[in-house]
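Chemist: No sequence on hand, only this structure:
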């Protein structure tokens with residue numbers, strides 16, 4: 001699992017290239033830092049993981065785990081086998097945490113070895129659990145899909161890949177799709193509209209579409225203003241309907257509040273859209289519990305969307321309780337801490353156009369401190385046979401029955417891992433408490449946005 005020095009790593013790479021095995025590599029900043037090589041197993045129909053090596057300068061960064069996860073997630077109804085040193089407790093824990101089970105023990109020369117195997121499941125469509133949206137109790141999948149990264153903020157994207165991921169999400173029972181007019185300056189809504197159009201009326205009936213208004217930016221700029229005026233709301237709604245290719249938006253959020261516009265006035269504008277048949281249900285994003293109560297006095301609010309995860313616990317200070325009292329669903333965005341909680345990303349590997357590059361929690365001493373929490377999370381996840389992402393999502397699902405996380409991804413492999421969290425046995429009260437204590441807000445370093453990004457958050 002690790003090379004003793006850079007020379008040993010380079011020699012291993014050369015050996016893999018000479019043997020013409022199938023292999024996958026992990027690349028960081030244009031440098032190959034980890035390799036997993038596959039070879040035919042002695043037993044028919046099985047695959048042997050022949051080499052798994054990580055450069056000594058990049059160990060303890062989750063590279064081996066990521067390579068194993070990716071490789072095994074790509075195969076359905078396959079058996080992977082690995083020969084590991086039985087004395088290597090870290091390696092054995094890694095394999096067990098990813099679902100490998102011990103097949104037999106033996107010796108190789110003077111060394112005691114263990115053969116571990118993983119049977120990947122046939123990719124059948126699982127039964128997705130459902131939760132309710134708002135007072136109307138509209139059925140939605142327990143996990144939604146955040147689509148923002150399919151258009152911008154997280155590096156380059158590919159529409160064909162995104163459409164394939166959207167299609168797979170629906171196959172897996174995910175029917176709650178989240179977008180906004182500002183994501184990609186309309187591109188994200190148009191992409192979701194293409195996905196809906198590909199399936200015709202039947203697909204439109206299957207999906208619950210949520211979009212947002214209120215953040216106004218110029219193309220290529222992060223600087224923004226917040227517009228909650230009646231004229232803007234009406235024009236933004238019409239533009240979103242056109243891009244999405246639908247007659248009615250299932251859930252229409254105010255993306256950010258402008259404090260200069262009374263909440264009652266803004267709600268009146270949204271109620272007019274409901275009465276006009278352009279919007280089914282109203283939502284708010286990043287508002288306070290007090291604002292939610294004022295809004296509900298005008299018209300029921302189906303959902304509040306705010307950041308909520310193990311490392312962003314602000315909604316626990318009154319908002320979740322208010323939602324429960326008012327029959328409002330809480331939609332948790334960035335439930336994986338912008339992927340930091342997965343243990344697979346760092347600021348050093350992010351593209352220059354990835355907004356996390358400048359996020360306070362991904363910077364300097366804060367990043368190093370937060371990584372210690374993620375490593376502790378990994379230890380708990382390994383013991384439960386889960387990935388970090390699955391455990392973080394399972395924690396959210398166990399916290400409150402009216403919480404619906406919307407993890408975002410462009411990749412089918414990550415989507416399938418996330419969906420598995422909803423099918424996992426619920427965490428116990430003790431397990432939830434353990435994670436609560438580990439991620440006590442006082443232990444998380446850095447704010448969740450820059451000062452500019454906090455504009456409009458109550």
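Modeler: Structure received. What you see is a predicted model, and the numbers here were worked out from it, not measured in a lab.
Chemist: what about stretch 212-229, start to end distance?
Modeler: 14 Å (Cα to Cα, to the nearest Å).
Chemist: do stretch 211-224 as well
Modeler: 18 Å.
Chemist: Sort out which residues of that stretch are buried, please.
Modeler: 211-215, 224 (16 or more other Cβ atoms under 10 Å). Where you see a C-beta, it was placed from the backbone N, CA and C, and this is true even at glycine.
Chemist: got JSON lines for those, with secondary structure, distance to residue 386 and pLDDT too?
Modeler: As requested, the buried residues of stretch 211-224 are exported to JSON lines (DSSP: H, G, I helix; E, B strand; the rest coil; distance: Cβ to Cβ, whole Å; pLDDT from 0 to 100):
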{"residue": "211", "secondary structure": "strand", "distance to residue 386": "32", "pLDDT": "99"}
{"residue": "212", "secondary structure": "strand", "distance to residue 386": "31", "pLDDT": "98"}
{"residue": "213", "secondary structure": "strand", "distance to residue 386": "37", "pLDDT": "98"}
{"residue": "214", "secondary structure": "coil", "distance to residue 386": "36", "pLDDT": "96"}
{"residue": "215", "secondary structure": "strand", "distance to residue 386": "35", "pLDDT": "94"}
{"residue": "224", "secondary structure": "strand", "distance to residue 386": "37", "pLDDT": "80"}
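Chemist: ok, those vs residue 280, which is closest?
Modeler: Closest approach between these and residue 280, by Cβ to Cβ: residue 211, at 11.8 Å.
Chemist: quick one: contacts for the closest one?
Modeler: Residues in contact with residue 211 (Cβ atoms under 8 Å, 6 or more residues apart in numbering) are 178-181, 189, 240, 244, 249, 251-253.
Chemist: Specify the beta-bridge partners of it.
Modeler: residue 252 (DSSP bridges).
Chemist: Strands of the stretch 201-350 of the chain, start to end?
Modeler: 208-213, 215-217, 224-226, 249-254, 279-285, 303-307, 329-333 (DSSP state E, counting those that start in this stretch).
Chemist: possible to save those strands as CSV with distance to residue 185?
Modeler: Putting these into CSV (distance: least, Cβ to Cβ, whole Å) gives the following:
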stretch, distance to residue 185
strand 208-213, 13
strand 215-217, 7
strand 224-226, 11
strand 249-254, 18
strand 279-285, 18
strand 303-307, 20
strand 329-333, 19
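Chemist: middle-most residue in the chain, spatially?
Modeler: In the chain, the centroid-proximal residue (Cα atoms, centre = their mean) is residue 407; its distance is 3.2 Å.
Chemist: pretty sure residue 103 is touching residue 81, no?
Modeler: Yes - at 7.0 Å, residue 103 counts as touching residue 81 under the criterion of Cβ atoms under 8 Å.
Chemist: Comparing these two, which residue is more hemmed in?
Modeler: residue 81 (17 against 13; other Cβ atoms under 10 Å).
Chemist: Alright, that wraps it up for me.
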